[in-house]
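*Asks:* build me a model:
(one chain, ligands or ions: 1)
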Amino acid sequence: MGSAPAAAVGEIRRAQRADGPAAVLGIGTANPPTCMAQDDYPDYYFRVTNSEHLTDLKAKLTRICKKSGIKQRFMHLTEDLLAANPDFTDRTSASLDARVDIASAAVPELAASAAAKAIADWGRPATEITHLIFSTYSGARAPSADRRLASLLGLSPTVSRTMLNLHGCYGGGRSLQLAKELAENNRGARVLVACSEITLIAFYGPEDGCLDNILGQALFGDGSGAVIVGADPVGPVERPLFEMAFASQTTIPGSEDDISMEINKGGMEYHISNKVPRLIGGSVERCLIDAFDALGVSAKWNDLFWAIHPGGRAILDHIEEVLSLDDGKLAASRHVLSEFGNMSGTTVIFVLDELRRRRVAKLESEAPEWGVVMAFGPGITIETMVLHTPAGSLEGN
Ligand SMILES: CC(C)(COP(=O)(O)OP(=O)(O)OC[C@H]1O[C@@H](n2cnc3c(N)ncnc32)[C@H](O)[C@@H]1OP(=O)(O)O)[C@@H](O)C(=O)NCCC(=O)NCCSC(=O)CC(=O)O
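*Replies:* Now for the predicted structure:
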């Protein structure tokens, strides 16, 4: 085969690329059926882990729960499931195999519920999805949850799959950024992003000196979020809900020990230092300035809409303070935190869905054209994406 002239290769490349920006074309979310009221959680947790004697830790969990800004969370791990797997309460027991068995089925199944809703919202058949990005912290097998999800949804055998493991709370932000790259670089691509997190992999009983676990027990919940991303929407079926105008990732120097996750024989252990709200709060404005400078768009923070990962109430408070945001600017994030807790990488998808819901229900007095998604996780990594809403794309649904 002869080599194509350089000009021809350039033309082929241009033809392969989309014309317009990637956009969110559909969103869906799902949670397991069991809902736990935050006020009841300390009693429940210390009872099912046979730890009532650790009264100081229970009092601490109660204090954190009260300050968490969380009203309720959903959980796959029920009391019955725990009764069938009593060693899940013991961090030192070799329970990883049993946890992975359960998660390998439950994580893609929950993702399938969310994805089915996103596909219905998008309006085209699942077989027209060309790429799949799946993010979870529960993955420990291959073929993994992406392969299973593709089967559950009946995706085409030519769907191009990417699996993101252990990105923690920035998994949703990373997936959306990769989806943007895929959609803009492959004309006609329709990318399904699926994030699915169940805390079962990291559930164990309280221990003296192990305060990360107490914090996590107060914060994390289970959920799955799915998004369809594509460029050059084909009307009237496809509507761009949020156009993806710019995306970046930043690592906070010297912070690698401040959020960490590790899979051990007894499940996943994590560390979340109490510096996290301050570290994130101290870094977000730089990320935002760089993003809007790169776009050439001048932005006043209070003129934007906000989809911030609600990692914890204090993180939202710090961001609100450093950016001098008006009351209510982070309402979508606070609402999701309150109703679902921190569902790790999945959470930003819930926040986007909540933003859309608030727009459609006209809950906000203003409907800014430009907005931002930010997610944070181990690294500490900050994912920033600038969004644009085409006129009427949200209000008219
Ligand atoms: C935990 C809080 C709700 C507590 O609220 P306040 O800070 O207002 O209240 P407070 O200062 O009185 O603290 C209440 C109690 O919480 C404890 N506390 C606070 N931060 C803690 C931490 N990181 N680890 C363990 N304990 C912690 C305090 O010591 C205190 O204990 P005592 O009462 O005994 O004095 C809040 O600090 C918060 O939202 N923190 C952010 C949580 C966080 O980092 N989330 C990110 C998760 S990781 C993530 O999202 C990414 C990922 O997983 O990848």
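*Asks:* pull the contacting residues for residue 314.
*Replies:* residue 277 (Cβ atoms under 8 Å, 6 or more residues apart in numbering). C-beta here means a position set from N, CA and C on the backbone, and glycine is covered the same way.
*Asks:* and residue 161, by the same measure?
*Replies:* By Cβ under 8 Å, 6+ apart, the contact list for residue 161 reads 131-134, 146-147, 150.
*Asks:* and for residue 297?
*Replies:* Residue 297 touches 245, 370, 386, counting by Cβ under 8 Å, 6+ apart.
*Asks:* now do the SS call for it.
*Replies:* Classification of residue 297 by DSSP: H, G, I helix; E, B strand; the rest coil places it in coil.
*Asks:* and for residue 319?
*Replies:* helix.
*Asks:* mind checking pLDDT for it?
*Replies:* Residue 319 carries a pLDDT value of 98.
*Asks:* any idea how far it is from the ligand?
*Replies:* Between residue 319 and the ligand the computed distance is 11 Å (Cβ to the nearest ligand atom, to the nearest Å).
*Asks:* among the contacts of residue 161, which are in reach of the ligand?
*Replies:* With Cβ under 6 Å from any ligand atom as the criterion, these include none near the ligand.
*Asks:* using JSON lines, lay out these together with pLDDT and distance to residue 48.
*Replies:* Shown next, in JSON lines, are the contacts of residue 161 (pLDDT from 0 to 100; distance: Cβ to Cβ, whole Å):
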{"residue": "131", "pLDDT": "98", "distance to residue 48": "41"}
{"residue": "132", "pLDDT": "98", "distance to residue 48": "36"}
{"residue": "133", "pLDDT": "98", "distance to residue 48": "35"}
{"residue": "134", "pLDDT": "98", "distance to residue 48": "30"}
{"residue": "146", "pLDDT": "97", "distance to residue 48": "32"}
{"residue": "147", "pLDDT": "97", "distance to residue 48": "33"}
{"residue": "150", "pLDDT": "98", "distance to residue 48": "35"}
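*Asks:* how about those residues, which pair is most distant?
*Replies:* Farthest pair in these (Cβ to Cβ) is 131 and 147. Separation: 13.9 Å.
*Asks:* quick one: the strands in the stretch 1-150 of the chain, in order.
*Replies:* 22-30, 34-37, 72-75, 131-136 (DSSP state E, counting those that start in this stretch).
*Asks:* out of those strands, which is the most enclosed?
*Replies:* Across the strands of the stretch 1-150 of the chain, averaging neighbours per residue (mean count of other Cβ atoms under 10 Å) puts strand 131-136 on top, at a mean of 27.
*Asks:* parallel or antiparallel, which strands does that one pair with?
*Replies:* Strand 131-136 has its sheet partners listed here by DSSP bridges as strand 160-165 (parallel), strand 190-197 (parallel).
*Asks:* off-centre distance for that strand?
*Replies:* Distance of strand 131-136 from the chain centroid (Cα atoms, centre = their mean, to the nearest Å) equals 12 Å.
*Asks:* out of the strands paired with strand 131-136, nearest to residue 111?
*Replies:* Nearest of the strands paired with strand 131-136 (Cβ to Cβ): strand 190-197, 3.9 Å.
*Asks:* just the CA atoms of the closest one, as PDB, please.
*Replies:* Listed in PDB are the C-alpha atoms of strand 190-197, where the atom choice follows Å, rounded to 0.1, in the frame of the first residue of the first chain:
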ATOM      1  CA  ARG A 190     -21.800   8.500  21.500                       C
ATOM      2  CA  VAL A 191     -20.100   7.800  24.800                       C
ATOM      3  CA  LEU A 192     -21.800   6.200  27.800                       C
ATOM      4  CA  VAL A 193     -20.200   7.200  31.100                       C
ATOM      5  CA  ALA A 194     -21.200   5.000  34.000                       C
ATOM      6  CA  CYS A 195     -20.000   5.500  37.600                       C
ATOM      7  CA  SER A 196     -21.100   3.000  40.200                       C
ATOM      8  CA  GLU A 197     -20.100   2.900  43.800                       C
END
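*Asks:* what residues of the next helix or strand after that strand count as buried?
*Replies:* Tracing the chain C-terminally past strand 190-197 and defining elements by DSSP states H and E, one meets helix 211-219 next. Residues 211, 213-219 are the ones in helix 211-219 that count as buried (16 or more other Cβ atoms under 10 Å).
*Asks:* just name the closest of those to residue 170, please.
*Replies:* The nearest member of the buried residues of helix 211-219 to residue 170, counting by Cβ to Cβ, is residue 219 at 15.6 Å.
*Asks:* right, and the closest one touches residue 341 too?
*Replies:* Yes. Look at residue 219 against residue 341 with Cβ atoms under 8 Å: they come within range, at 6.0 Å.
*Asks:* picking up where we left off before, turn the contacts of residue 297 into JSON lines, columns for secondary structure.
*Replies:* Shown next, in JSON lines, are these (three-state DSSP):
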{"residue": "245", "secondary structure": "strand"}
{"residue": "370", "secondary structure": "strand"}
{"residue": "386", "secondary structure": "strand"}
